[in-house]
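J.: Below are the sequence and a predicted model for it; my questions follow.
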Amino acid sequence: MTWANRLVGLLLLGAVVWLWPMTNRFPGSAADFPRVVLAVIAGLAALMLIRSLVPRLELAADGEGRRQLSAMGLPLAVLALTAAAVYAMRYVAFFPAVAGLGLVLLFVLQARNRLAFVLSYAGMMLFVFLVFQQLLNVPLSSTRLFGG
Amino acid sequence: MDPFVVLAAVFDPMNLMAIFVGVVAGLCIGGLPGLTANLGVALLLPVTFTLDVTAALLMLMSLYTAAIYGGSFAAILLRAPGTSASAATAIDGYELTRQGRFDEAIRVATFSSVIGGMVSGVALLLLAPPLSLISLRFGPAEYFMLAVFGLTIIGTLASGNMIKGLIAGAVGLWLSTIGLDLDSGFPRFTLGIRALSSGIEFVPVVIGLFSVSQALLMCEDVHSSIQKAGPTNTRKWRYLPKRSELRETRGTLVRSSIIGVFVGILPGAGGDIGAWVSYNEARRFAKDKSQFGKGSIVGIAASESANNAVTGSSLVPLLTLGIPGSATAAILLGALIVHGLVPGRTLFTVHANITYTVIFGFILANLLMGIVGMMIAKRMALVATVPQTILVPIILVLSIVGSYSLGNNIFDVYTMLVFGLIGYFMRKGGYSPAPLILGLILGPIAETGFRQSLVLAPGHVIFYILNSTIALVLVVLTVMSLVGALRMEWTRVRFDRANRKDKAETSPNEQSRGEN
C-alpha cells in the first residue's frame, strides 16, 4: 500500500497548505493551537512521504478488508444508497425512506434468505419506532423537522 | 459517599434495568463475529441521552464488559472471535467444541469472565479514588501534557503503526478546533457552513468511524460469514462450574485477573493484549504444556479472565485523569462529557454517589452477565450465524437514528456518513480510528491548557511546561512511549524485510522446481 501512504501524505500536506492561511484571520491566540496541530500534521505527513519513498522502511500492509480496489464497489454503493435515503427523509419522512432503503439493499446485497432479511429489518424498524420515537420522543416521522 | 444511598441506587429498578439491557445488548453484539464493543457502545450511546446519568453509564459499561465476554461464544462455537479480545479463547475453545465439550468451554469462559470482570471492578474501586488525588495538582501545563501523553500512547500503541496512529490523533486534534473559538467567538475552519459553528459533534463521529465503517467493511465480503455452528452435544446443561474445573483453573484465574488489571491500567493496551499475555503466562506456568491448543480449559480461563479484567481497570486512568485505557474507554470518555461529568477528583467528591453507584453497578453487571450468559449460551450459536446481509442494513439504520437523535439535526446524520466513509478508508489503510476520537475529545483540554500556559509563562512556554514536576514526568513518559514505539516499529520493519526477502528467495526456487 505504498501508493496509498504516498497519496495520504500528499493529501495531508495539501490540506495543511490550504488551511494554514485561514489561521492568519483568527484573532489573538485563537490561531496558536491550530497552527501547532497543523505543523505536527505536516511533519508527520512529510515523514510518511519520506518513508513511502524508501522501500526498506515500509511496513507490510496492515489494513482491514480486501486488498483489491474492486472490493470497494459494493461498500461505496451501499453508502451512496444510504445517503440517498437520508436525503429522501426530508420529503417522505424516516420510516418510508428506511423501508425503501431496505428494499433496495435486499437486492443490492443479494440476501439469500429474503424472508429472514425482511423479518429482521421489520423487527428493527419496530424497535426504532418503539424505543426512539415512542420512548425517547425522537421526531422521526416529522418531515418538517428533517428540513423539508 | 453515603454507602446506603449508593447501594439503594445500585438496586434502583431503573438502574437494574439499564444494567440488564446493557448486558443483553453486549452479549448479542459480542457474540456476532465482526461486531465489537466499540460499535456497541457507539450505537447504544444515543439511547442513553434521555436516561439519568447513572443509568446511562451503567448501561454503557455493562455493554462493554458483556461484549468482551460475549465474544467468547463465537470464538468457542465457530472459531470466529466475536471481538479481538477473544482471539486467544478460540484456540482451545473451538478444540473443545470439536470434541463435543462446548458446554464445558462456555462454562469455563463464563466463570472466568465473571471473576476477571469482578476483580477489575474491585480494582477500579480501590485504585481510582487515591489516584484521582493526583489530578488536584494539575494546572494548564499538566493538562496540556496529559492530553499529549494520552494521544501519543494511544496513537503509538493502539494502532500498531506509529506514524499512522499519530496522524490520526493529530487530525482528531485539528477537528476539535473547528467551530467558534470560545475566547473570541471567531469561527475557525467552518468554511462558511453555519452548522459547523458549534463544532463537530462527538457522537456522529464515533458512530461513523466505528459502526458505519464496520458495516462497509462487512459489505466487502457480505456472504462470507454464513457459518455453521460446530458440533454441540446434547448432554445436560450444567450452569455452575464443577469443583474439578475450579481446582484446575484457580491459580490461572488469580494470575490472569491481575495481569488483566495491570494491562488495563496501561493506556492504549486493550483486552486483546491482556488475553494474549495471560494465555502465554498460563502456558509458561502449566505442568502439561502439550494440552494448550488441544482444548485446555486453563487456556480459556487465562484468556477470558484477563480480557474481562481489562474492562474495569481501563476505566481507572479514564475516571481519574481522563486518559482512556482502551478504544472503548475513549468512547466512554465522550459519554461522560456528553452527560456533563468531567474526569478527575470531582468524580470522587462532588459526584461521588454517581461514581460509586456506577462502580458497584459494574461489579453487579459482571455477575448478571454470567447468569444471563449461561442462560442464553445455547442459543448464541444461532445468533453467531446471522448473515452479514442482515446485519449491514440494521447497523446502517441504527447509525442514522443514533446520530439524528443527538439533537434532532439532519446535519449530524450527514456528518456520521462522511465519517463513516473516512473511517472505512482509514481502516482499510491501517489507521486506527481510536486516536482520532481521542484527539477530538482531548482537543479542547489540550488547547485550553496550551493557551493558558502561553498566558502564564513568563518566558518561553516550553520552559514553563518543563518547570512543573508532573508535566516533566509526562514529557519523559511521552518521549519514552515514542522511543518504545519507534523500537517496536523498527523491529517490525526488519521482520517484514526478512519476510519479503524469504519470499523472494523461495519463489524462484519454486518456479525452477515447477519447470523441472
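T.: It's in.

J.: CA atoms for contacts and neighbours, from now on please.
T.: Will do.

J.: residue nearest the centroid of chain A?
T.: residue A:79 (7.9 Å; C-alpha atoms, centre = their mean).

J.: show me the contacts for that one.
T.: With contacts defined as C-alpha atoms under 8 Å, 6 or more residues apart in numbering or on different chains, residue A:79 is in contact with B:216, B:417, B:421.

J.: name the element the second one belongs to?
T.: Think residue B:417. Here residue B:417, judged by DSSP states H and E, is contained in helix B:410-428.

J.: how about the residues of the stretch 51-200 of chain B that lie near chain A?
T.: Counting by C-alpha under 8 Å from any C-alpha of the partner chain, the residues of the stretch 51-200 of chain B close to chain A are B:163, B:166-167, B:170-171, B:173-174, B:177, B:181, B:183-184, B:186, B:188-189.

J.: one more time with 7 Å
T.: B:163, B:167, B:170, B:173-174, B:177, B:181, B:186 (C-alpha under 7 Å from any C-alpha of the partner chain).

J.: Turn those residues into JSON lines, including secondary structure and pLDDT.
T.: Output for these, formatted as JSON lines (DSSP: H, G, I helix; E, B strand; the rest coil; pLDDT from 0 to 100):
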{"residue": "B:163", "secondary structure": "helix", "pLDDT": "87"}
{"residue": "B:167", "secondary structure": "helix", "pLDDT": "92"}
{"residue": "B:170", "secondary structure": "helix", "pLDDT": "93"}
{"residue": "B:173", "secondary structure": "helix", "pLDDT": "93"}
{"residue": "B:174", "secondary structure": "helix", "pLDDT": "95"}
{"residue": "B:177", "secondary structure": "helix", "pLDDT": "94"}
{"residue": "B:181", "secondary structure": "coil", "pLDDT": "89"}
{"residue": "B:186", "secondary structure": "coil", "pLDDT": "90"}
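
J.: And the helices in the stretch 251-400 of chain B?
T.: B:271-285, B:297-313, B:315-321, B:327-338, B:352-383, B:388-405 (DSSP state H, counting those that start in this stretch).

J.: pretty sure residue B:68 is in contact with residue B:310, am I right?
T.: No. At 9.6 Å, residue B:68 does not count as touching residue B:310 under the criterion of C-alpha atoms under 7 Å.

J.: ok, these two, which is more surrounded?
T.: Comparing residue B:68 with residue B:310 by neighbour count (other C-alpha atoms under 10 Å in any protein chain shown), the higher total belongs to residue B:310, at 37 against 30.

J.: Excluding chain neighbours, what is closest to the more buried one?
T.: Leaving aside its sequence neighbours, residue B:310 sits nearest to residue B:264 (C-alpha to C-alpha, 6 or more residues apart in numbering or on different chains; 4.2 Å).

J.: helix or strand for residue 6, which one?
T.: All of this refers to chain A. Residue A:6 belongs to helix A:2-23, assigned by DSSP H and E.

J.: Actually, chain B is the one I wanted.
T.: helix B:3-10.

J.: Next one: the residue in chain A that chain B sits nearest to from residue A:4, what distance?
T.: Relative to chain B, the nearest point of chain A is residue A:63 (3.7 Å; C-alpha to the nearest C-alpha). Note on residue A:63: its distance to residue A:4, by C-alpha to C-alpha, to the nearest Å, is 11 Å.

J.: Look at the two and report which has more neighbours.
T.: residue A:63 (16 against 11).

J.: Spit out the contact partners of residue B:457.
T.: Taking C-alpha atoms under 7 Å, 6 or more residues apart in numbering or on different chains, we find residue B:457 in contact with residue B:464.

J.: Check it and give its pLDDT.
T.: Residue B:457 carries a pLDDT value of 80.

J.: cool, and residue B:185?
T.: 87.

J.: Assumed it was part of a strand.
T.: No. Read with DSSP: H, G, I helix; E, B strand; the rest coil, residue B:185 is coil and lies in no strand.

J.: Pick the most deeply packed of the helices of the stretch 251-400 of chain B.
T.: When you average the neighbours per residue for each of the helices of the stretch 251-400 of chain B (mean count of other C-alpha atoms under 10 Å in any protein chain shown), helix B:297-313 leads with a mean of 35.

J.: Could you list the contact residues of the stretch 201-350 of chain B toward chain A?
T.: B:216-217, B:219-220.

J.: okay, these in a markdown table with distance to residue B:27 next?
T.: Below are these laid out as a markdown table (distance: C-alpha to C-alpha, whole Å):
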| residue | distance to residue B:27 |
| --- | --- |
| B:216 | 22 |
| B:217 | 22 |
| B:219 | 23 |
| B:220 | 25 |
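
J.: could those go into JSON lines alongside neighbour count, pLDDT and secondary structure?
T.: As requested, these are exported to JSON lines (neighbours: other C-alpha atoms under 10 Å in any protein chain shown; pLDDT from 0 to 100; DSSP: H, G, I helix; E, B strand; the rest coil):
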{"residue": "B:216", "neighbour count": "27", "pLDDT": "92", "secondary structure": "helix"}
{"residue": "B:217", "neighbour count": "25", "pLDDT": "90", "secondary structure": "helix"}
{"residue": "B:219", "neighbour count": "25", "pLDDT": "89", "secondary structure": "helix"}
{"residue": "B:220", "neighbour count": "18", "pLDDT": "87", "secondary structure": "helix"}
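
J.: Spell out for me which residue occupies the centre of chain B.
T.: Note on chain B: the residue nearest the mean C-alpha position is residue B:328, at 3.1 Å, using C-alpha atoms, centre = their mean.

J.: host element of the closest residue to it other than its chain neighbours?
T.: Spatial nearest neighbour of residue B:328, chain neighbours left out: residue B:38 (5.0 Å); criterion: C-alpha to C-alpha, 6+ apart. Secondary structure from DSSP H and E places residue B:38 in helix B:37-44.

J.: packing partners for that helix?
T.: In terms of contacts (3 or more C-alpha pairs under 7 Å, 6 or more residues apart in numbering or on different chains; DSSP states H and E), helix B:37-44 is packed against helix B:13-31, helix B:53-78, helix B:327-338, helix B:388-405.

J.: Run the chain-centre distance for the third one.
T.: Same thing as helix B:327-338. 10 Å (C-alpha atoms, centre = their mean, to the nearest Å).

J.: what does stretch B:401-421 give?
T.: The answer for stretch B:401-421 is 22 Å, by C-alpha atoms, centre = their mean.

J.: which residues of chain A score low on pLDDT?
T.: A:1, A:56-61, A:142-148 (pLDDT under 70).

J.: per-domain residue ranges of it.
T.: Here the domain parsing of chain A from automatic domain parsing is A:2-57, A:73-135.

J.: count of residues packed around residue A:73?
T.: Neighbours around residue A:73, by other C-alpha under 10 Å: 11.

J.: Could you do residue B:162 as well?
T.: Residue B:162 has 23 nearby residues by other C-alpha under 10 Å.

J.: Having no further points to raise, I will conclude here.
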